[in-house]
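> Using only what follows, build the 3D model:
(chains A and B)
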Amino acid sequence: MRTAAIPMIAALAAGCGDNGRGGGGGHDDGGTEPPGARLVYTDPDHGALRLIHDPAGTSAGAVVLAFVVGDQPLAGYAAGFNLPLDARRVKLAAFTPGTGLDPGGPPLAAQAVIPAQGPLAGMLVTAQSQKASGAGAVTGDTALPPHTVLYTLRLELADGATAGVVLDGSAAGFALPSGGLRNRLGTAVVQAGEVGIGKLEIR
Amino acid sequence: MTLVVVGCGAVVALAGTVLLGSRGSQGARTERGGTPSARARGHDREPERGREHDGPLPVYRASPAELAVRNRVALAESAKLQRRARDLRLAAPTVPGTSWVSLGPTEGTAQGTEKVSEVISGRINDIAVDPRDPGVVYIATSGGGVWKTFDLLAPAGPTWLPLSDTQPSLAAGALALDPEQPDTLYVGNGDFYHTVGNTVTRTTDGGLTWSPPVVLDGVYPAPSGLAATVRGIRAIAVHGRRVLVGTDLGLFASTDAGAHFALVDLPNLSGNVLPEAIWSVVHTGDDHWLVSGVTGCDEHSPPLGVRTSGHDPGPSCRDGNNAEIWYSANGTSWTLSALPATTGTGRIDVAIGRGAAPDATVAYAMVGTVELFNTLGFWRSIDGGRSWTDATGTLANPTLPIPDGMGGFFPPDCADVALSFPQSWYDQVIAVDPGDPDHVIVGGSLCSARTRNGTAAQPTWELVSHWSPNFDDVSGSTANGRLSYVHADWQTATVISAGGKVRVLAGTDGGLFTTENLFEVSTQPEKVTWTPRNRGLTTHLMYSVASGDPTTGNPFVLFGGLQDNGTRYRTDPRRPSAFDEVVGADGIGATVHTASSGTTYFASGQGFRVYCLPQKSDCADAASWRDVGFLPGDPEPDARPVPGDDSEPFFVHYADVQTDQDGQSVLTHTVGQVFVNVAEPDGTPHFVAISQDLTLQRLAFTSVAASSTIPGLYGASAASGFRGSGASPVPFFVTAQGNTLSSWTPAQPVQPAGTTGHMSAASSIAFPPVQPAGTQPGQVYIGAFVGALDDPQRTPPPDDQGRLYRTTDFGQTWTSIVGADPAHRLPNVAVFVVKYDPVSPATIYAGCDLGVYVSLDDGATWDRMGDGLPMAPVRDLYVARNQEFIRVATFGRGLWEIYPSASASHGAPGNGDYDRNQQIDWIDVAAMASRLGVTPATPQPPFYSWILDLSGADHDPPVQAINDTDLTTLITRFGGRP
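Numbering: from 1, shown residues only, chains lettered A, B, ... in the order given. Coordinates of the predicted model:
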């Protein structure tokens, strides 16, 4: 059930993205990016939660980012973040919920979008939570060993993308507007300031 | 005596003058219950005419001293509430209930008496439109705070978001958006008429967060020395860091973006230092400004406020008390404008065209009179307000006279340009098309009108809306056709250009209405189309709640009375936050009585009573509600209270006698006497007097109550003086003689410990459900007060005494029961209603100015009850006999319910924005997912939150529960607006 739902989520996410292109994602269509352009992501070197890249899915025109637990174990119920990025340079091609926090049966309590308009326009907006009732219900917090993958995101070069920084969590003064891990009661287990974000750029 | 016939509704009187209602009051009425309620139609004629013996009214405006205490207490309670919200509402209350559920009204299908298939909302005082996006609109409401929509013109109607539910005051009197920084808004807290206030708050992020309130105060310079004790805020304008605020006592200016304000002493014709009451403040460009208002009679007299005698004081007013207009070219120095020579001018509102230089701007003024609150006319300026000429013009399409059913005619509702008659102090609006200074709209009591040649010597006005055009074949018709509906009582209007169209937004006592063809040349005035935009705008000013009960098998039954919006009745279990209007005018009291002999619903308006028998007719049909008729002993029907007479008060209350399980006993009161219903065999109500007449004691009843467990134990609260602010020699009366005429036992005045005064404006009385051992019925009871001490300053009682007291000796002595511990004390604000829990005898509920507070230990300690209830005044509450739910009427945020069972009817749809930050993101998904399966009956955290309960789907009828349907909806909004 859950596996079948994931492409739908991915399509939804892509549909809400910067350029509106759908198509199931997951493949590097090359686009019209400058010849030789490639996405390069530098992992953060700290963070109770971290957004790191997954070399297995990463290519020149795409990068797979995994939202993972850092070096210390955690326990929580829901996670997510709102991450500003340059939506002219990338599009969200796929969002794959992980198993660390079971999003339950449809409707999954998981989603990712890059809204083209509204208050979160130009941000990578993600969420995943366990569900307190229904299929796959989990009523308590779940232990999350170090490096547990909460969910992954596949970003691809946007049409006409030019070289430059897409997002940079390592920049001086960067502050993640919202993000972290919460327990079922809603208490913050990991605050936004404890989320490590790397640097994604087009070279 | 001068007789003046007015257009509709209730009868009002000025000193020496009686205004007779032309329709809906006397014409079709029979002695008792013979016809459908002829009162059904009609909006309020606001009663505040300031007569000395006007009778105590729940529209109690706190004194400056009370307001100061109220500000302090409300700020502290607001801080607690906001902390609790930040803590994600996890702190469980110590009572079974945890979360309040909004019951609406959010929609309606039949405003029966006005024959309009739309819902209306509460009074709107001001409107601001984001210049970057005309779909983003903010409104300031009389009692529901500030609301925002991002999609005003959405086909399904706008989605409204309340922005200030946890703020210390929800009485938003005025609102201004900084056009240069459109996410910055200033709100004046203090309704011009109902709930007092004297603060300004600011948001710089579109309403996500608000600054601490800044109090407006100051002193007029010598030789005046008058303290500007503001209690109502009427207008705000902003340019850069300069903010000007017009209040009922003074113009205030800030040069630091609202961080501080200083009183401005405006010049006056006499050269004396006179206080001013400001009605409008307009920024005209650069640092140019216009201000309008009225002056006091002398240095030491506050200007005429909203509550005046309706008579021009004439020579006794030394410097006159006329309307004035001031202009400034720098925001600091002010000059009196040259006005047409006239006297007796009252409220004056100013609006300007745009596009011209400040000193060449076309401006208009709508001018009222002091005498009889008429509309004097319109003035115009073509030099930015420096000089004005009369430009009243004429009305081209008056409404037609209406047959009175007896061969004659009632006068037309809107016969000429005097649109605000007879309450220009209350509803007087003018606005100008920013793209064409010839285009002006004005609104008043019953109608609005446009002109398209405003700069002509004498403009031609055309009616473009009417308050009740569908009432019958003639109502709302001109010679050229029928006008479109816009609710009565215009309060504000804004004209903008958007997408090549001129859009008008009008705020009334019935909410927001818009049009886009108002000024089109091709649009006949009768063809101007107005669209209500009030679905989900739950800002209703409710005086009462009437409820069925689980123990009597009718828990879905729910209705209540609303300020100017009649009595609203819940009709459809499948749409449980939809309410239809079944009785017009002001809705005041309401109750349900169920017994073996049947069920009777009662409602009341300003000075009248109606009923419906649900076993005989469909009470969702307005025609099923019938007049009770005059009560016996009422010597002057429909007149205002007169000393020595008994008569119908504006605010007519009821109390259900639950101990009468066979008959139809329901209590009500006139000004000076309590009555009980002794129904006729067919169920028709018949009220008989059961108390002495208090009017010769210059007292008036303010509420009635019946014990829920002890048969025949009744009580009433009483007060004296204007608005109940006078001395209260007898605050409460009780009887244990039931339905027998008897002399009720008077209580001694309540003197708070440590004071020398007595409490005024008693509001509510309640009897413990279990008679304390060794006492007699009526020996022990509790009584609440709206008012303060009865000294001239109306000094508030000390915090440790407050407004709730108990007697154990038939009212001879009194002890405060607000709690000794400041951390668990009933706030020292007006208490409108107090009730014992029928199941737990030590549990007491108090509906006060800030919400509902509960004591579980018979008054020893108090805490705010539950989560999610806005900081709105609670005027009435109903406790189910089996403790299954409590329903409350708020004055500004509609109806709410707490600890309903898991299968209780669904309430108003939430919007999913759990953390109220106007966006849907992971916080909201987390909050909802962790609450899947949660209902209002869930006893452990995470608790139910109505804001996450987007629909009642999956059940028929819908029930309250957070489920997958809500999550699916939330996911579709993910990354966007609520």
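> okay, now B:P822: neighbour count?
Per other Cβ atoms under 10 Å in any protein chain shown, the neighbour tally for B:P822 reads 9. Glycine gets a C-beta too; all of them are placed from N, C-alpha and C.
> so who does it touch?
Residues in contact with B:P822, defined by Cβ atoms under 8 Å, 6 or more residues apart in numbering or on different chains, are B:799-800.
> Next up, phi/psi of the residue nearest in space to the middle of chain A, please.
Closest residue to the average C-alpha location of chain A: A:L153 at 4.4 Å, with Cα atoms, centre = their mean. As for A:L153, its main-chain torsions (degrees, to the nearest 10) stand at phi -130, psi 140.
> Tell me if I'm right that it and A:Q111 touch.
No - the pair A:L153 / A:Q111 is not scored as a contact, 11.3 Å apart, by Cβ atoms under 8 Å.
> Pull up the overlap in contacts between those two.
Joint contacts of A:L153 and A:Q111 (Cβ under 8 Å, 6+ apart) are A:95, A:126.
> where do the helices sit along chain A?
Under the criterion DSSP state H, chain A contains helices at A:2-15.
> And the residue of it closest to chain B?
Per Cβ to the nearest Cβ, A:G80 is where chain A lies closest to chain B, at 2.4 Å.
> Skipping adjacent residues, who's closest to that residue in space?
Spatial nearest neighbour of A:G80, chain neighbours left out: B:W922 (2.4 Å); criterion: Cβ to Cβ, 6 or more residues apart in numbering or on different chains.
> Model confidence for that neighbour, exactly?
Predicted confidence (pLDDT) for B:W922: 98.
> Could you report the neighbour count for whichever residue of chain B sits closest to chain A?
When scored by Cβ to the nearest Cβ, chain B has B:W922 as its residue closest to chain A, at 2.4 Å. Counted with other Cβ under 10 Å, the neighbours of B:W922 add up to 28.
> who's in contact with it?
B:W922 neighbours (Cβ under 8 Å, 6+ apart): A:78-82, A:125-129, A:178-179.
> From B:H194, how far out is B:S665?
Relative to B:H194, B:S665 is positioned 33 Å away (Cβ to Cβ, to the nearest Å).
> Can you tell me the closest non-neighbouring residue to A:G136?
Leaving aside its chain neighbours, A:G136 sits nearest to A:G104 (3.7 Å; criterion: Cβ to Cβ, 6+ apart).
> right, I mislabeled it, should have said B:I325
B:S337 (4.0 Å).
> so B:D287 touches B:R242, yeah?
Yes - between B:D287 and B:R242 a contact is recorded at 6.9 Å, counting by Cβ under 8 Å.
> wait, does stretch B:964-978 contact chain A?
Yes - judged by Cβ under 8 Å from any Cβ of the partner chain, stretch B:964-978 comes into contact with chain A at B:964, B:967-968, B:971, B:974-977.
> Just give me the closest of those to B:L208.
Checking the residues of stretch B:964-978 next to chain A against B:L208 with Cβ to Cβ, the nearest one is B:R977 at 12.8 Å.
> ok, that closest one - how many residues close by?
Neighbours of B:R977 using other Cβ under 10 Å come to 20.
> can you pull the contacts of it?
Under the criterion of Cβ under 8 Å, 6+ apart, the contact list for B:R977 reads A:118-119, B:150-151, B:159, B:918-920.
> Just name the closest of those to B:A860, please.
For the contacts of B:R977, the nearest to B:A860 is B:Q918 (41.1 Å; Cβ to Cβ).
> returning to what we had before: relative to B:S468, how far out is the residue nearest to A:G136?
For A:G104, the distance to B:S468 (Cβ to Cβ) stands at 53 Å.
> So in chain B, which helix runs the longest?
helix B:64-86.
> Which positions in that helix come out as buried?
By neighbour count on 16 or more other Cβ atoms under 10 Å in any protein chain shown, the buried set for helix B:64-86 is B:64-71, B:73-75, B:77-78, B:81-82, B:84-85.
> after that helix comes which helix or strand?
Next helix or strand after helix B:64-86 toward the C-terminus (DSSP states H and E): strand B:100-104.
> what bits of chain B have low per-residue confidence?
Along chain B, segments meeting pLDDT under 70 span B:1-59, B:86-97, B:112-117, B:305-309, B:633-646, B:721-728.
> Okay, and the beta partners of B:T295?
B:E276 (DSSP bridges).
> Give me the buried positions along stretch A:189-200.
A:189-190, A:192, A:194-200.
> Could you do stretch B:315-329 as well?
Buried-residue list, stretch B:315-329, by 16+ other Cβ under 10 Å: B:317, B:319-329.
> Stretch B:507-518 too?
B:507-518.
> how long is that stretch from one end to the other?
15 Å (Cα to Cα, to the nearest Å).
> Ok, stretch B:889-909 next?
Termini of stretch B:889-909 sit 18 Å apart (Cα to Cα).
> can that stretch be found next to chain A?
No - Stretch B:889-909 stays clear of chain A (Cβ under 8 Å from any Cβ), getting no nearer than 12.7 Å.
> All set now, cheers.
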